[in-house]
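Undergrad: Give me a 3D structure for the following:
(one chain, ligands or ions: 1)
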Amino acid sequence: MALFITFEGGEGSGKSFQAGEWHQRLSRQATPVLLTHEPGGTPLGDEVSHWLKWQDGMEVSPLTELLLFNAARSQLLDKVIRPNLAAGKTVICDRFADSTTVYQGYGRGLAQSVVKTVNDAATQGIKPDLTILLHISVADGLSRKKSELADRFEKEDVAFHERVRQGYLKLAAGEPGRWLVVNANQPRKKIAETIWENVGRLLPHRGA
Ligand code: TMP
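TA: Just a heads-up that it's a prediction; the model follows:
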C-alpha cells in the first residue's frame, strides 16, 4: 500500500533529519519509497523556494506568498507526488499544505477559508495518510539556528513563530487520527525510535 507521509514542524524542530531517517529505514527494508520536500522538490519549485526564502529586500504580500507556495506545490504534486503514489511508492514529504495553513494562515494572518481554498486547488484531494509533527518550543527551536544564516521566515519575530507553533497544535488536535505529535526536544535517535515505534505498525513490511 502506497502511503503519503508528511513531516511538519517549526524552525529548528529537526523534521528534515527525521524525514531522511525514515526514508533510509524504509529503503533498508526494501519498501519502495521516495523522499521529497517543500518548498521545492522540482526545478520550478526550487526557484520559487529560493525566491521566497532569500528575497530579503522585497516586500511580499501574504496572499502572494500563499499563491507562490501553492504554485510550487501544484508542480510537485503533478510531477512527483501523484505519479509516485500511483506507481505504488510510499512518498515522504518534508513539509506540505499544513505548513501553509500555519505559516500563511496563523502566522501571516490570512483567513483560513482563503488558505484552504488555495491549498485545496493545489492539492486536488491528495491528503497525507500520516503527519508527524516535531514539536519544540520557539525558544529552543530558534536557538538551534545560526542567526547569520537566517532566511525570511527564520527572521520573523517570536510572536510569529509562536502563532505557527500554536497553529500546528490546533491542527493536530483537530485530526488526531492523522497526526503524531512528538517531543522534538530529545536526542535525534530517540525521536527516530519514538516515531518508528508509533508509526511503523502502519507500514506494509515492518522490521528494518
Ligand atoms: P525549510 O526549508 O526550513 O523547511 O524552510 C521553508 C520555510 O518556508 C519555513 O520557514 C516554512 C516556510 N513555509 C511556509 O511559510 N509556507 C509553506 O507552505 C511552506 C511549505 C513553507
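Undergrad: Please enumerate the helices of the chain.
TA: 15-28, 43-54, 62-76, 82-86, 97-100, 112-123, 138-143, 158-174, 188-199 (DSSP state H).
Undergrad: quick one, which of the ones you listed is packed in tightest?
TA: Mean neighbour counts were compared across those using mean count of other C-beta atoms under 10 Å; the top stretch is helix 97-100, at a mean of 25. All C-beta spots, glycine's among them, are computed from the backbone N, C-alpha and C.
Undergrad: Please list the outside residues in contact with it.
TA: Residues from elsewhere that reach helix 97-100 (C-beta atoms under 8 Å, 6 or more residues apart in numbering): 6, 8, 38, 66, 69-70, 73, 115, 118-119, 122-123, 128, 131, 168, 171.
Undergrad: can we see that at 7 Å?
TA: Residues outside helix 97-100 that contact it (C-beta atoms under 7 Å, 6 or more residues apart in numbering): 6, 8, 38, 66, 69, 70, 73, 115, 119, 123, 131, 171.
Undergrad: ok, which pair from those is furthest apart?
TA: Put simply, by C-beta to C-beta the two of the contacts of helix 97-100 set farthest apart are 66 and 131, 19.7 Å from each other.
Undergrad: can I assume residue 123 is in contact with residue 77?
TA: Yes: when contacts are counted by C-beta atoms under 7 Å, residue 123 is listed as touching residue 77 (6.4 Å).
Undergrad: Quick check: residues of this protein near the ligand?
TA: Counting by C-beta under 6 Å from any ligand atom, the residues of the chain lying close to the ligand are 11, 38, 39, 53, 69, 95, 99, 100, 103, 104, 153.
Undergrad: how near is the residue nearest to the second one when sequence neighbours are not counted to residue 86?
TA: Think residue 38. The spatially closest residue to residue 38, leaving aside those adjacent along the chain, is residue 95, at 4.2 Å (C-beta to C-beta, 6 or more residues apart in numbering). Separation of residue 95 from residue 86 (C-beta to C-beta, to the nearest Å) stands at 22 Å.
Undergrad: ok, now which ones touch residue 165?
TA: By C-beta under 7 Å, 6+ apart, the contact set of residue 165 is 10, 138.
Undergrad: I'd like to know which of the contacts of helix 97-100 is nearest to residue 20.
TA: Sorting the contacts of helix 97-100 by how near they are to residue 20, with C-beta to C-beta, puts residue 6 at the top with 13.8 Å.
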